[in-house]
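J.: Fold the stuff below for me.
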Amino acid sequence: MSGASAWITRMKLWAISDLHLGYKVNREALRTLPPHPNDWLIIAGDVGESESDLRFAWDVLGSRFRQLIWVPGNHELWTTPAQAELAGNAKYERLVAVCREYGVITPEDPYIVWPGPGPVMTLVPIFLLYDYSFAPDGLNSEAAKHWALEAGIQCADEHFLKPYPYSSIQEWCEARIALTQARLAALPPNQRLVLINHFPMRRDLIQLYRIPRFIPWCGTRRTEDWHVCFCVDVVVNGHLHIRTTQWRDGTRFEEVSLGYPAQWDQSKGLVSYLRLILPWGPRLDEPGFPRSA
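T.: Here you go, the predicted structure:
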């Protein structure tokens with residue numbers, strides 16, 4: 001076996017999200033991540049709130065992994081008083097440009113075939129947002145936000161996520177869904193996919209034990225059947241800060257968040273929070289299946 005073939009057979013695809021590098025603890029933990037020179041890494045959104053957070057992540061991770069794949073979370077898209085020069089889609093396009101400086105794959109790039117071991121898979125980073133439809137049946141967006149506020153819940157996006165040039169986050173979400181559906185429909189129907197999105201793609205995967213009424217900001221009902229409409233083997237998402245592996249209709253759904261400092265055990269190191277996406281053995285639903293190195 002040649003040297004090139006040998007490292008390809010050892011390749012792994014890992015995933016993590018919600019690094020929230022505005023927190024010093026998380027930034028320092030990222031610095032300690034050991035090299036994975038043969039491996040690829042998915043970063044499924046919420047790297048931080050600023051372009052400097054994104055650049056810090058790529059400076060660190062780009063030297064430790066062979067290839068990085070990124071999708072935006074809501075936090076990257078925030079427009080704060082301290083960073084008011086870009087908003088909405090212009091902010092997103094700027095972040096994509098930064099990623100391209102570092103060779104990081106984004107939702108705006110051609111989908112790429114996983115070159116490592118296992119079945120042929122196409123890696124599909126997507127950016128969809130949410131439309132408040134994960135709220136109880138019969139509630140429009142304003143009613144959904146009011147329902148959440150009755151329990152004292154309001155997402156910071158309502159202050160910091162500006163949808164320009166769209167009139168609302170729902171309209172922006174609709175545009176992203178239409179664009180993404182068209183790209184997916186153009187793929188061969190039997191092409192096996194790994195979908196990568198920041199937001200969960202099904203309501204029944206969401207387990208918000210402490211703040212259940214946060215759910216309107218967690219996705220859109222429009223994606224709940226995508227794993228069966230398309231040939232999806234794995235869906236990767238973050239956003240919830242509650243790590244899970246779940247199965248629906250033979251598709252594996254991985255929530256891969258790190259989270260805020262109080263939400264993960266620093267004594268284990270950040271490496272223990274990398275989630276193994278590929279290669280994957282026979283389907284194993286039982287709790288405790290190993291998910292990281």
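J.: what's near enough to touch P279?
T.: K12, L13, G116, P117, G118 (C-beta atoms under 8 Å, 6 or more residues apart in numbering). Backbone N, C-alpha and C define where each C-beta goes, glycine included.
J.: and with 6 Å instead?
T.: P117, G118 (C-beta atoms under 6 Å, 6 or more residues apart in numbering).
J.: Which pLDDT value goes with it?
T.: Looking at P279, its pLDDT stands at 94.
J.: try G288
T.: 40.
J.: Low-confidence ranges, the chain, go.
T.: 1-9, 281-293 (pLDDT under 70).
J.: please redo it, this time with the cut-off set to 90
T.: Applying pLDDT under 90 to the chain flags residues 1-10, 80-86, 189, 207, 280-293.
J.: ranges for the strands of it?
T.: Ranges of strands in the chain, per DSSP state E, are 13-16, 36-43, 65-70, 112-113, 122-125, 193-196, 232-237, 244-248, 251-255, 275-278.
J.: now the ones you listed in TSV, with distance to W78?
T.: Shown next, in TSV, are these (distance: least, C-beta to C-beta, whole Å):
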stretch	distance to W78
strand 13-16	20
strand 36-43	17
strand 65-70	16
strand 112-113	28
strand 122-125	20
strand 193-196	21
strand 232-237	19
strand 244-248	26
strand 251-255	22
strand 275-278	25
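J.: does Q170 really touch Y130, like I thought?
T.: No: Q170 is beyond contact range of Y130, at 8.3 Å (criterion: C-beta atoms under 6 Å).
J.: Give me the more crowded residue out of these two.
T.: Taking neighbours as other C-beta atoms under 10 Å, Q170 and Y130 compare with Y130 leading, 27 against 18.
J.: which ones are touching the more buried one?
T.: So, once contact is read as C-beta under 6 Å, 6+ apart, Y130 ends up touching F199, W217, G219, T220.
J.: rewinding a little: so for E101, which of the strands of the chain sits nearest?
T.: Proximity to E101 (C-beta to C-beta) singles out strand 65-70 among these, at 12.0 Å.
J.: Against which helices or strands is that closest one packed?
T.: strand 36-43 (3 or more C-beta pairs under 6 Å, 6 or more residues apart in numbering; DSSP states H and E).
J.: How about the strand it packs on, which residues are buried there?
T.: Buried positions in strand 36-43, judged by neighbour count with 16 or more other C-beta atoms under 10 Å: H36, D39, W40, L41, I42, I43.
J.: same thing with stretch 61-68?
T.: Quick answer for stretch 61-68 (16+ other C-beta under 10 Å): L61, F65, Q67, L68.
J.: Pipe those into TSV and attach distance to G259 per row.
T.: Shown next, in TSV, are these (distance: C-beta to C-beta, whole Å):
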residue	distance to G259
L61	18
F65	21
Q67	24
L68	20
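J.: Farthest pair within those?
T.: L61 and Q67 (10.2 Å).
J.: ok, so of the buried residues of strand 36-43, who is nearest A97?
T.: For the buried residues of strand 36-43, the nearest to A97 is I43 (16.7 Å; C-beta to C-beta).
J.: just so I have it, where are all the helices in the stretch 151-293 of the chain?
T.: 157-160, 169-185, 226-229 (DSSP state H, counting those that start in this stretch).
J.: nearest to Y209, of those?
T.: Short answer: helix 157-160, nearest of the helices of the stretch 151-293 of the chain by C-beta to C-beta, at 21.1 Å.
J.: Now do the nearest residue to E171 once chain neighbours are set aside: how many residues are near it, please.
T.: Counting by C-beta to C-beta, 6 or more residues apart in numbering, the nearest residue to E171 once its immediate chain neighbours are dropped is P163, at 6.8 Å. Around P163 there are 19 other residues, counting by other C-beta under 10 Å.
J.: The one 4 residues further on now?
T.: For S167, the neighbour count with other C-beta under 10 Å is 9.
J.: With N89 instead?
T.: 17.
J.: Kindly provide the distance from R176 to N197.
T.: 10 Å (C-beta to C-beta, to the nearest Å).
J.: May I see the contacts of Y130 arranged in a markdown table, with neighbour count and distance to T80 as well?
T.: Listed next are these as a markdown table, based on neighbours: other C-beta atoms under 10 Å; distance: C-beta to C-beta, whole Å:
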| residue | neighbour count | distance to T80 |
| --- | --- | --- |
| F199 | 26 | 21 |
| W217 | 25 | 18 |
| G219 | 29 | 24 |
| T220 | 22 | 25 |
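J.: just the residues you listed now: which is nearest E49?
T.: For the contacts of Y130, the nearest to E49 is W217 (16.1 Å; C-beta to C-beta).
J.: roughly how far apart are I69 and P136?
T.: I69 is 34 Å from P136, by C-beta to C-beta.
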